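Peer 1: Structure, please.
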Amino acid sequence: MKVVIVGGVAGGATAAARIRRLDEQAEIVVFERSGYISYANCGLPYYIGGVIEDPEDLTLQTPESFFSRFRIHMKVHHEVTAIHPDRKTVSVKDLKTGEEFEESYDKLLLSPGAKPVWPGLPGMDSDKLFPLRTVEDTFRIKEFVDHNKPKSAVMVGGGFIGLEVAENLRELGMDVTIVQRPKQLMNPFDADMASFIHSEVRKHGVKLALGYSVEGFEEKDGGINVLLKNREAIHTDMVVLAIGVTPESSLAKDAGLALGLKGSILVNDRMETSVPDIYAVGDAVQVKHYVTGEAALIALAGPANKQGRIAADNICGGDSRYLGSQGSSVIKIFDMTAATTGINETNARNAGLHVDTVILSPMSHAGYYPGGKLMTMKVVFEKETYRLLGAQIVGYDGVDKRIDVLATAIHAGIKATDLKDLDLAYAPPYSSAKDPVNMAGFMIDNISKGLKQWHLSDAANLPRDGSVTLLDTRTVGEYSRGHIDGFQNIPVDELRERIGEIEPGKPVYVICQSGLRSYIATRILEGYGFEAFNFAGGFRFYDAVMNDRALIEAAFACGMDK
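Peer 2: Coordinates of the predicted model:
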């Protein structure tokens, strides 16, 4: 059996190694357009910032090491220019010599990845404007930074790559601005959770221009102007563009393979395309979202590796299936860690799901053990069924541990109420006897048994005409340092003695700093016959989100963050 693989990196290189492990006699040839067959794509921003010092550390395998270990022919600087399914060959061009030839196959695997979105805007040919997708892109940016010593940079795009590049350029001492058309960074997160990311980014001196649209670029005064719609241009020394990727599917399209979302390659759960003996994996393929069951594009290394293994199994006569992607991801943002899995509240509602959320602010480990830090968790679940749909966490320690537990729970089909029953490891330096994941489960279990909540989206519409009681159960000192207008202050520890101050027969909307004291207050109020609603997230959450919204709107009205 002869297998030809188009593209290396995560999906193609993984498949090649797996095929060899399953079939010692197979002839395997990999064609890679770039000069690198298997590299640490996610590490590229950290080489620019000097965190990764040796460029060879980015290279996971070389053609020589692959051949030595697996006897696989890795042909770099070779571009596959056409697929001929009728005669089971591909056209190949050697980019160094210009030679063109055809290569036959019994099985063909496409792993072309995705290409950066490169809009047709004026000034895109500037040598001060850079994409970041390949090792070669990284070296170009690094060389520009080392040679020209730029003092400022604009990052167009506020996703994973955008934030990582912005952090690394800022750590080099550059003045960095992120320009993003949506009014939030990191779209996998809900806007309220993104508020904490914005705060961390601002704290480290990165300016945010959220809600701004880029209309072009213009070299001027030795630098480059980023031209903005209805805004003053931003002058800078360099621009990195990372506004997203699109599937690299031109080969598949020209060969008549069926296409899906945004021109992605359509595959079944065996990673087979619409043409016999042709498989496809990675960022170029359409997948099923594990939570919603809908078609999706999820460009992440983990899914690409799994798909490569599954395709290899099936090429070698097995029957492996890809169950779908749920978008589990984590990112370092200066000192903060942010992570997400499944779908967020916004996308769940857009999908027509009837959802609720809990928001909590637990410590990363036992409060009595030194060094514990707060994290903010948002868990999304379906009402009535309590199906676990997604989670988002921002914090400093222990974020990755909790998101992985929640990702596993989603994959296993564990109900949100059953998170309370998970038996998770505990020692004071690492967790609490009631782990944050358990705490989320306790909260959802309470809701399933009748506890009522109110949310940030309800705040502006709460009546101030006396028809309801608005109650802040924090201490007098906390209340005096900031509170929501219209809320009266009765500390929770005084509530029983002062219950007569609350008018009977009216619903009571309760808030505290984190949600714990207000929960206790709702239980007390229920014991006295009141209908009580606990605020999801607490005043800390409310204040962070509202302050962030005010900063974004002020910057949008008057100019970017200062």
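
Peer 1: Now do the helices in the stretch 351-500 of the chain.
Peer 2: Using DSSP state H, counting those that start in this stretch, the helices of the stretch 351-500 of the chain run over 399-412, 436-448, 476-480.

Peer 1: likewise the chain?
Peer 2: In the chain, the helices defined using DSSP state H lie at 9-22, 44-48, 63-70, 135-148, 160-171, 191-203, 250-254, 301-315, 345-350, 399-412, 436-448, 476-480, 516-527, 538-558.

Peer 1: hmm, back to that, quick one, which of the helices of the stretch 351-500 of the chain is packed in tightest?
Peer 2: helix 436-448 (a mean of 22; mean count of other CB atoms under 10 Å). (Each C-beta comes from the backbone N, C-alpha and C, glycine too.)

Peer 1: Run through who's touching that helix.
Peer 2: For helix 436-448, contacts defined as CB atoms under 8 Å, 6 or more residues apart in numbering pick out 356, 358, 360, 362, 375, 377, 379, 381, 386, 391, 398, 402, 405-406, 409, 416-422, 424, 434, 453, 519.

Peer 1: Drop anything exposed from these.
Peer 2: By neighbour count, with 16 or more other CB atoms under 10 Å, those hold 356, 358, 360, 362, 375, 377, 379, 381, 386, 391, 398, 402, 405-406, 409, 416-420, 424, 453, 519 as buried.

Peer 1: still on that earlier bit, a markdown table please, covering the helices of the stretch 351-500 of the chain and showing distance to Ala280.
Peer 2: Formatted as a markdown table, the helices of the stretch 351-500 of the chain follow (distance: least, CB to CB, whole Å):
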| stretch | distance to Ala280 |
| --- | --- |
| helix 399-412 | 23 |
| helix 436-448 | 36 |
| helix 476-480 | 56 |
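
Peer 1: hang on, the earlier thing: out of the helices of the chain, the one nearest Thr469 is which?
Peer 2: helix 516-527 (9.2 Å; CB to CB).

Peer 1: now the angle from the closest one to helix 436-448?
Peer 2: Angle between the axes of helix 516-527 and helix 436-448 is 20 degrees (criterion: axes from the mean of the first three to the mean of the last three CA atoms, to 10 degrees).

Peer 1: Show me which residues of helix 516-527 are buried.
Peer 2: Neighbour counts over helix 516-527 (16+ other CB under 10 Å) mark Leu516, Arg517, Ser518, Tyr519, Ile520, Ala521, Thr522, Ile524, Leu525 as buried.

Peer 1: Contacts only, for the fourth one.
Peer 2: By CB under 8 Å, 6+ apart, Tyr519 lies in contact with Asn446, Leu451, Asn534.

Peer 1: Ok, the last one next?
Peer 2: When contacts are counted by CB under 8 Å, 6+ apart, Leu525 touches Leu495, Ile499, Ile502, Val508, Val510, Ala532.

Peer 1: Among those residues, find the one with the greatest number of neighbours, please.
Peer 2: Among those, Val510 has the most neighbours (other CB atoms under 10 Å), with 29 neighbours.

Peer 1: Hmm, Val468 and that one touching each other?
Peer 2: No. Between Val510 and Val468 there is no contact under CB atoms under 8 Å: 10.9 Å.

Peer 1: what is in contact with the two at once?
Peer 2: By CB under 8 Å, 6+ apart, no residue touches both Val510 and Val468.

Peer 1: mind showing which ranges of this protein have poor pLDDT?
Peer 2: Low-confidence segments of the chain, defined by pLDDT under 70: 38-41, 59-60, 559-562.

Peer 1: that older thread, turn the buried residues of helix 516-527 into TSV, columns for distance to Leu261.
Peer 2: Converted to TSV, the buried residues of helix 516-527 look like this (distance: CB to CB, whole Å):
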residue	distance to Leu261
Leu516	43
Arg517	46
Ser518	43
Tyr519	42
Ile520	47
Ala521	47
Thr522	44
Ile524	51
Leu525	49
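
Peer 1: Arg87: which of the helices of the chain is closest?
Peer 2: Across those, Arg87 has its closest neighbour in helix 250-254 (15.1 Å, CB to CB).

Peer 1: Could you pull out the buried residues of the closest one?
Peer 2: In helix 250-254, counting by 16+ other CB under 10 Å, buried: Leu251, Ala252.

Peer 1: the strands in the stretch 1-150 of the chain, which residues?
Peer 2: 2-6, 27-32, 38-39, 59-61, 73-76, 78-84, 89-94, 100-104, 107-110, 114-116, 129-131 (DSSP state E, counting those that start in this stretch).

Peer 1: isn't Asp190 right up against Gln392?
Peer 2: Yes. The pair Asp190 / Gln392 is scored as a contact, 6.6 Å apart, by CB under 8 Å.

Peer 1: mind checking which of the helices of the chain is nearest Val287?
Peer 2: Smallest distance to Val287 across the helices of the chain (CB to CB): 6.8 Å, for helix 301-315.

Peer 1: check contacts around the spatially closest residue to Val135 that is not a sequence neighbour.
Peer 2: Using CB to CB, 6 or more residues apart in numbering and skipping the chain neighbours, the partner closest in space to Val135 is Tyr36 (4.7 Å). Applying CB under 8 Å, 6+ apart to Tyr36 gives the contacts Gly8, Val9, Leu58, Thr59, Val76, Thr134, Val135, Glu136.

Peer 1: Go again with 10 Å.
Peer 2: By CB atoms under 10 Å, 6 or more residues apart in numbering, Tyr36 lies in contact with 8-9, 58-63, 76-77, 134-136.

Peer 1: try Val267
Peer 2: Counting by CB under 10 Å, 6+ apart, Val267 makes contact with 110, 257-258, 260, 273-274, 278-281, 284-287, 307, 311, 322.

Peer 1: if we go to 7 Å?
Peer 2: When contacts are counted by CB atoms under 7 Å, 6 or more residues apart in numbering, Val267 touches Thr273, Ala280, Val285, Gln286.

Peer 1: pretty sure the third one contacts Gly263?
Peer 2: Pointing back at Val285 there. No. In this structure, Val285 is not within contact of Gly263 by CB atoms under 7 Å, at 11.1 Å.

Peer 1: Which one's more surrounded, those two?
Peer 2: A side-by-side neighbour count of Val285 and Gly263, using other CB under 10 Å, places Val285 first with 32 against 16.

Peer 1: Can you tell me how far the more buried one is from Ile243?
Peer 2: 21 Å (CB to CB, to the nearest Å).

Peer 1: Check Thr89 too.
Peer 2: From Thr89 over to Ile243 the distance is 36 Å, taken as CB to CB.

Peer 1: before we move on, back to that, tell me the one of the contacts of Tyr519 nearest Ala26?
Peer 2: Checking these against Ala26 by CB to CB gives Asn446 as the nearest, at 56.6 Å.

Peer 1: That'll do, ta.
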